[in-house]
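**Q** Pasting the sequence and the predicted coordinates here, then a few questions.
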Amino acid sequence: MTKRVAIFPGSFDPFTIGHESIVRRALPMFDKIIIMIGFNSNKQSFFPLEKRLKWINQIFEDEAKVEIQSHEGLTVDFCKQVNANYILRGLRTSADFEYERAIAQVNKKMHPELETVFLLTMPEHTPVNSSIVRDIILHGGDASMFLPQKLNMDEFKKDEA
Ligand code: ADP
């Protein structure tokens with residue numbers, strides 16, 4: 001039987017409890033989930049790519065079905081490269097839906113075998129997004145309640161970013 005491989009693409013700047021929850025809930029649906037950190041060498045991220053890779057690896061170190069990779073370029077090209085037929089995305093609001101709808105429909109046009117699978121966020125994660133978490137960290141606040149438990153919060157101190 002062909003393996004069900006999904007990719008979970010995002011910038012994950014940083015990876016939050018909202019992202020973690022989507023991946024963990026999707027695990028029973030797939031044989032493998034590749035978390036793909038999309039990056040653009042012309043665009044500056046808040047946290048360096050190496051740190052984001054390290055943190056996500058740490059969160060899923062005990063989860064054999066999860067892999068982490070980075071990719072610059074089109075998500076559909078990455079899917080072809082790793083033989084993934086599913087893209088996993090999370091939905092929080094109707095604004096997310098409109099944005100995701102367009103991307104998923106365009107991806108489907110470019111790569112017809114590809115399906116995008118959406119999971120609705122857990123109600124308590126609806127307001128969690130990476131840019132708010134970045135702002136809290138930037139201003140020296142405590143963002144621990146929005147970040148995965150496995151992470152060492154000292155690394156998120158303002159000067160470490
Ligand atoms: P992008 O830069 O592609 O928007 P993000 O890193 O912001 O990537 O998010 C990656 C995916 O995770 C997106 O599908 C996004 O909707 C989803 N996501 C982000 N935050 C949450 C959350 N709190 N609950 C559920 N899904 C989320």
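**A** Alright, I've got the coordinates. Please read these numbers as outputs of a predicted model, since none were measured by experiment.
**Q** The ligand contacts on this protein?
**A** Counting by C-beta under 6 Å from any ligand atom, the residues of the chain close to the ligand are 10-12, 16, 18-19, 22, 89-90, 92, 96, 121, 125, 128-130. Where you see a C-beta, it was placed from the backbone N, CA and C, and this is true even at glycine.
**Q** Show me the strands in the chain, by range?
**A** Remark: strands assigned in the chain by DSSP state E are 5-10, 32-38, 66-71, 86-91, 115-120.
**Q** returning to that earlier point: and which of the residues of the chain next to the ligand is nearest to Ile137?
**A** Ranked by distance to Ile137 (C-beta to C-beta), these are led by Ser130 at 10.3 Å.
**Q** got a list of what that closest one touches?
**A** Ser130 is in contact with 11-16, counting by C-beta atoms under 8 Å, 6 or more residues apart in numbering.
**Q** Repeat that for Phe97.
**A** Contacts of Phe97 by C-beta under 8 Å, 6+ apart are Leu91.
**Q** rewinding a little: can you redo the strands of the chain as a markdown table with mean neighbour count and mean pLDDT?
**A** What follows is the strands of the chain, written out as a markdown table (neighbours: other C-beta atoms under 10 Å; pLDDT from 0 to 100):
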| stretch | mean neighbour count | mean pLDDT |
| --- | --- | --- |
| strand 5-10 | 22 | 98 |
| strand 32-38 | 21 | 98 |
| strand 66-71 | 18 | 98 |
| strand 86-91 | 21 | 98 |
| strand 115-120 | 15 | 98 |
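**Q** could you point out where this protein is predicted with low confidence?
**A** Across the chain, the ranges flagged by pLDDT under 70 are 158-161.
**Q** Have a look at it and report its longest helix.
**A** Determined from DSSP state H, the single longest helix within the chain is helix 94-110.
**Q** Just the buried positions in that one, please.
**A** Across helix 94-110, burial judged by 16 or more other C-beta atoms under 10 Å covers 96, 100, 104, 107.
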